[in-house]
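Asks: any chance you could fold what I've pasted below:
(one chain, ligands or ions: 1)
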Amino acid sequence: MKAGIKVFAPATVANVAVGFDILGFALERPGDELIARFSDAPGLRITKITGDHGKLPYDVEKNTAGFAALRLLEHLGESGIGIELEIHKKMPFGSGLGSSAASAAAAVVAVNELLKNPLEKRELLPFAVLGEQVADGAYHADNVAPSLIGGMVLIRNNQELDVHRLYTPQGLFATVVYPHVEILTKDARGVLSPTVTLQQSIEQSGNLAGLIVGLFTSDLELIRRSLKDVIIEPQRARLIPRFYEVKEAALEAGALGCSISGAGPSIFALSANAAIAEEVGEAMRRVFADAGIPNDLFVSPINQEGAIKL
Ligand code: HSE
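Replies: Numbers count the residues shown, from 1 in each chain. This is a model prediction of the structure:
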């Protein structure tokens with residue numbers, strides 16, 4: 001077997017309460033691993049998938065990683081080249097942690113590395129977004145962009161992929177608790193009303209702008225006041241058991257803010273430092289544990305690197 005390129009792409013928290021489809025950040029862990037290697041047989045093939053409980057397709061046109069890699073290879077005029085992909089899922093899907101986005105980001109980075117990096121990392125974004133679209137049918141980069149390039153990322157416009165890294169204050173820590181219930185992004189998007197009121201738009205844009213100013217100026221109190229989602233969270237909260245109790249526990253334990261991670265069911269909080277983030281995590285877990293809901297906890301700084309070659 002030929003030597004391969006191994007890539008890690010991190011889990012991500014999309015929306016970040018106030019930026020539905022346009023804001024996301026990367027975690028240090030969990031994440032997916034993917035290996036790409038040349039093969040003698042022409043064309044792209046997926047030869048191995050682990051950690052998916054048999055749920056993911058091997059058909060490259062139907063698999064997020066395969067689809068993203070194919071579109072990249074076409075763009076590079078290398079569709080005929082023999083490449084094998086191994087996908088190692090190291091995080092749950094349907095969890096709100098950007099699982100499909102991580103696989104798509106890992107795939108384009110690994111294939112680009114294998115071909116000796118003809119594109120810059122940022123130039124890989126359109127192909128990774130197409131890959132994720134296979135999974136949930138919508139074109140948005142709020143998971144893919146941070147998984148690929150790292151950091152807290154604002155997507156000013158998804159169609160144009162006008163993507164910007166935001167400064168994050170030193171010490172800012174994320175807590176994510178994943179209760180073991182599955183919510184498919186497609187379904188969580190299906191419950192959303194297509195319209196918002198003028199009042200909701202005013203409040204949400206004030207909070208989004210406030211969060212961005214708070215991040216750039218390290219004004220934690222402004223971040224605290226701004227992490228309030230008046231549009232999406234009220235519509236999706238009922239999909240997540242005990243959501244409001246978990247949120248209250250996080251805020252009482254000192255979190256700056258707490259909301260749904262992506263389409264859920266994971267719930268994230270941001271805190272001023274690692275110690276608070278750990279306490280917040282324990283408080284959030286306790287609510288799920290008391291309700292008999294198995295869960296996983298991840299406490300992480302904002303991952304500034306994104307997808308990397310291992
Ligand atoms: N912004 C997306 C959503 C993220 O909340 O539906 C999940 O893919």
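
Asks: for Gly214, helix, strand, or coil?
Replies: What DSSP: H, G, I helix; E, B strand; the rest coil gives for Gly214 is helix.

Asks: buried set for the helix or strand bottoming out on mean pLDDT in the chain?
Replies: When the helices and strands of the chain are scored by mean pLDDT, DSSP states H and E, helix 185-190 comes last with a mean of 88. Buried residues in helix 185-190, counted by 16 or more other Cβ atoms under 10 Å: 185, 188-189. Glycine gets a C-beta too; all of them are placed from N, C-alpha and C.

Asks: hmm, the helix or strand hosting Ser100 in reach of the ligand?
Replies: Using DSSP states H and E, Ser100 sits in helix 99-114. No - contact of helix 99-114 with the ligand (Cβ under 6 Å from any ligand atom) is absent, the minimum separation being 7.2 Å.

Asks: what's the least confident helix or strand of the chain in contact with?
Replies: Residues external to helix 185-190 that are found in contact with it (Cβ atoms under 8 Å, 6 or more residues apart in numbering): 94, 135-138, 236, 239, 262-264.

Asks: go again using 6 Å as the cut-off
Replies: 136, 236, 263-264 (Cβ atoms under 6 Å, 6 or more residues apart in numbering).

Asks: quick check: of those residues, which lies closest to the ligand?
Replies: For those, the closest approach to the ligand (Cβ to the nearest ligand atom) belongs to Ala263, at 4.1 Å.

Asks: how about the nearest residue to the closest one, chain neighbours excluded?
Replies: Closest residue to Ala263 apart from its sequence neighbours, by Cβ to Cβ, 6 or more residues apart in numbering: Ala188 at 3.7 Å.

Asks: got the residues of the stretch 101-250 of the chain near the ligand?
Replies: 136, 140, 142-143, 185, 188-189.

Asks: the helix holding Ser100 - contacts with which helices or strands?
Replies: strand 5-14, strand 23-38, helix 64-75, helix 125-136, helix 144-149 (3 or more Cβ pairs under 6 Å, 6 or more residues apart in numbering; DSSP states H and E).

Asks: which of those sits most buried?
Replies: helix 144-149 (a mean of 32; mean count of other Cβ atoms under 10 Å).
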